[in-house]
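# Using only what follows, build the 3D model:
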Amino acid sequence: MARERKMTVDEKGFNESMEKQKLKAKEAGRFNQGKTSLSGSLFLMG
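Alright, predicted model coming up:
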């Protein structure tokens with residue numbers, strides 16, 4: 001598609017950016033795995 005419009009694509013830069021994004025997503029997934037939802041459960045002591 002880009003070639004048809006006489007444009008070029010920086011494939012190396014694109015692939016590097018994709019790898020960085022994949023790592024960010026993977027790290028974010030690890031962070032959220034330990035989350036516990038307490039929705040609907042509220043206990044007050046006092």
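
# shaky segments in this protein?
For the chain, the stretches with pLDDT under 70 are 31-46.

# What segments of it are helices?
Assigned helices in the chain, in chain order: 11-33 (criterion: DSSP state H).

# Contacts for stretch 7-25 next, please.
Ala2 (Cβ atoms under 8 Å, 6 or more residues apart in numbering). Any C-beta I mention is one placed from the backbone N, CA and C, and that applies to glycine too.

# What are the buried residues along it?
When neighbours are counted by 16 or more other Cβ atoms under 10 Å, no buried residue of stretch 7-25 is found.

# and it, C-alpha only, in CSV?
Provided in CSV are the C-alpha atoms of stretch 7-25 (Å, rounded to 0.1, in the frame of the first residue of the first chain):
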residue,chain,number,x,y,z
MET,A,7,6.1,6.1,0.3
THR,A,8,8.6,4.0,2.3
VAL,A,9,8.2,2.3,5.7
ASP,A,10,11.0,2.2,8.3
GLU,A,11,10.5,-1.6,9.0
LYS,A,12,13.5,-1.8,11.4
GLY,A,13,12.2,1.2,13.4
PHE,A,14,8.7,-0.3,13.3
ASN,A,15,9.9,-3.7,14.5
GLU,A,16,12.0,-2.1,17.3
SER,A,17,9.0,-0.1,18.5
MET,A,18,6.7,-3.2,18.4
GLU,A,19,9.2,-5.1,20.6
LYS,A,20,9.4,-2.3,23.1
GLN,A,21,5.6,-2.1,23.2
LYS,A,22,5.3,-5.9,23.7
LEU,A,23,7.7,-5.7,26.7
LYS,A,24,5.7,-2.9,28.2
ALA,A,25,2.5,-4.9,27.8
